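Undergrad: here's my sequence, what's the structure:
(3 chains)
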Amino acid sequence: MGAPRKGVARGAGSPRVDAATASLLRGALLPWFQESARDLPWRRSRDPYAIWISEAMLQQTRVGAVLGYWQRFLDRFPDARRLAEAGDDELMAAWSGLGYYRRARALRDAARVLVEHHGGLLPADPAALAALPGVGPYTAGAISSIAFGLSEPVVDGNVARVFARWFELEAPVGSAELARRAWALAAELVPPAAVGAEGPGAWNQALMELGATLCGPRAPECGPCPVAALCAANRTGRQTELPRPKARAAPVEVELELAVARRRGDLLFVRRPEGRSMGGLFELPTRELAPGAGPTRLFEAQWPLPGLAVDDWPSVGELRHAITHHRIRARLLAAEFSGEVAVQGARELLWCTPSRARELPLSGLAKKALTRLARG
DNA sequence: AAACCGGGGCG
DNA sequence: CGCCCAGGTTT
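TA: As a prediction, the model looks like this:
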């Protein structure tokens, strides 16, 4: 997500929310949140440090995964001073299994900054927070609003999706444009700081709660949604179409020929070279046909088995396969051998029955080819 | 702007 | 297997 652009003049086409709409949205969402918010342990804390830890753990990580870590981490590192002295081993032990381990080191580095420059406490100011390692626009806004009650916006994946539906934003998921518009909307919608310091934090959490529960990536549940009547996508029936999926690079069309070389019930396999994609996996001898713009990287140097004159072999079938952004059409060419097959090249060859081949590390395409051959 | 980090859950 | 997740940092 991009950074908030507070105070920047908005150009034409940027979203605006009038005060009446903002009021309706808050009046619909906040009571729902108070009623049905999940009882997450970090929501019971008012300690900025503890809230910071939860936000760091929740970066690109599901609530369910964090549940088992947050309290144990706090038991071991109850405040910034203790965290600043954490050794690598105990730090990693406390984080092990959460992924994105850079976050843990950033947390400790930030704790050292806190001890050195902020008296061991978290600042409330989002700019000061964002200057800490591992704290970006989202986390700065979250701590500032949730822990300190400041009127600061927050946009995560949930909020961007919710806004895309509320306001029919057409920019695709993950795009800079959607982030920019979502931040602008969040800044307009976040309520002013309340006396009880509950307003902005509750609002931000309510937005994320809606995105995490009812307004999920697919199959949003608009029936029970408290905001359905105010949601543009719900009114036009586009709630499952928005936000638009990420524009994906067009898949590369690949045409392959696979050699089904048989000898007394065995099939010939070759092993892909180590260190490249699918390295070490076995596959059928393969060549690529008429590559449009040079050989496809996934398959270059995969042929030549000069002993196999596949040009003369009859086709026994065709199959389709998809790898990342490649769409593959593979023709199966079969021939029967009796004696030795003279194959040049250093790559490892293996004659093996189809059933035993099932125990080999096969490429997905080879597995599919075996299944096809077994079915006849 | 895009790549990278990274593990799990789910359809 | 691809998508998605309470993102941030680096190039």
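Undergrad: in which helix or strand would I find the residue lying closest to A:Pro226 once chain neighbours are set aside?
TA: Spatial nearest neighbour of A:Pro226, excluding adjacent residues (C-beta to C-beta, 6 or more residues apart in numbering): A:Trp32 at 3.8 Å. C-betas here are computed from N, CA, C, even on glycine. Assigning secondary structure by DSSP states H and E places A:Trp32 in helix A:19-36.
Undergrad: what about that helix, near DNA strand C?
TA: No: Helix A:19-36 lies apart from DNA strand C when judged by C-beta under 7 Å from any atom of the strand; the minimum separation is 10.1 Å.
Undergrad: got the CA positions of that helix in CSV?
TA: Extracted C-alpha coordinates of helix A:19-36, given in CSV (Å, rounded to 0.1, in the frame of the first residue of the first chain):
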residue,chain,number,x,y,z
ALA,A,19,-20.2,14.9,5.8
ALA,A,20,-23.6,13.4,5.7
THR,A,21,-22.4,10.2,4.1
ALA,A,22,-19.5,9.9,6.5
SER,A,23,-21.9,10.3,9.4
LEU,A,24,-24.2,7.5,8.0
LEU,A,25,-21.3,5.2,7.5
ARG,A,26,-20.0,5.7,11.0
GLY,A,27,-23.5,5.3,12.5
ALA,A,28,-23.9,2.0,10.7
LEU,A,29,-20.4,0.5,11.2
LEU,A,30,-19.5,1.5,14.7
PRO,A,31,-22.5,0.0,16.5
TRP,A,32,-22.0,-3.2,14.5
PHE,A,33,-18.4,-3.3,15.6
GLN,A,34,-19.1,-2.8,19.3
GLU,A,35,-21.7,-5.6,19.0
SER,A,36,-19.9,-8.2,17.1
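Undergrad: the closest residue to A:Phe148 other than its chain neighbours - how many residues pack around it?
TA: Ranked by C-beta to C-beta, 6+ apart and with sequence neighbours excluded, the top spatial neighbour of A:Phe148 is A:Ala124, at 3.9 Å. Residues lying near A:Ala124 (other C-beta atoms under 10 Å) number 16.
Undergrad: and A:Ala124, that one's in a helix?
TA: No: A:Ala124 is assigned coil when assessed by DSSP: H, G, I helix; E, B strand; the rest coil, not a helix.
Undergrad: does it really touch A:Leu150, like I thought?
TA: Yes: using C-beta atoms under 8 Å, A:Ala124 is in contact with A:Leu150, at 6.0 Å.
Undergrad: joint contacts of the two?
TA: Residues touching both A:Ala124 and A:Leu150 by C-beta atoms under 8 Å, 6 or more residues apart in numbering: A:Ser144.
Undergrad: quick one, strands of chain A?
TA: All strands of chain A, identified by DSSP state E, fall at A:252-263, A:266-271, A:282-283, A:286-288, A:315-323, A:326-337, A:349-352.
Undergrad: quick one, which of these is nearest to DNA strand C?
TA: When the strands of chain A are compared by C-beta to the nearest atom of the strand, strand A:315-323 sits nearest DNA strand C, at 5.8 Å.
Undergrad: show me what the closest one is packed up against.
TA: Where contact means 3 or more C-beta pairs under 8 Å, 6 or more residues apart in numbering; DSSP states H and E, strand A:315-323 is packed against strand A:326-337, helix A:364-374.
Undergrad: picking up where we left off before, burial measure for the residue nearest to A:Pro226, as a count.
TA: A:Trp32 has 19 nearby residues by other C-beta under 10 Å.
Undergrad: give the contact list for it.
TA: So A:Trp32 contacts A:206, A:210, A:226-227 (C-beta under 8 Å, 6+ apart).
Undergrad: quick revisit: could I get the strands of chain A as a markdown table with mean neighbour count, distance to A:Thr139 and mean pLDDT?
TA: Converted to a markdown table, the strands of chain A look like this (neighbours: other C-beta atoms under 10 Å; distance: least, C-beta to C-beta, whole Å; pLDDT from 0 to 100):
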| stretch | mean neighbour count | distance to A:Thr139 | mean pLDDT |
| --- | --- | --- | --- |
| strand A:252-263 | 20 | 38 | 83 |
| strand A:266-271 | 20 | 46 | 88 |
| strand A:282-283 | 21 | 45 | 82 |
| strand A:286-288 | 19 | 46 | 79 |
| strand A:315-323 | 14 | 36 | 81 |
| strand A:326-337 | 17 | 37 | 84 |
| strand A:349-352 | 16 | 52 | 88 |
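Undergrad: columns distance to A:Leu242 on top of these, output as CSV?
TA: As requested, the strands of chain A are exported to CSV (distance: least, C-beta to C-beta, whole Å):
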stretch, distance to A:Leu242
strand A:252-263, 29
strand A:266-271, 46
strand A:282-283, 41
strand A:286-288, 39
strand A:315-323, 26
strand A:326-337, 27
strand A:349-352, 50
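Undergrad: make TSV out of these and add distance to DNA strand B.
TA: Output for the strands of chain A, formatted as TSV (distance: least, C-beta to the nearest atom of the strand, whole Å):
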stretch	distance to DNA strand B
strand A:252-263	14
strand A:266-271	25
strand A:282-283	23
strand A:286-288	23
strand A:315-323	12
strand A:326-337	15
strand A:349-352	30
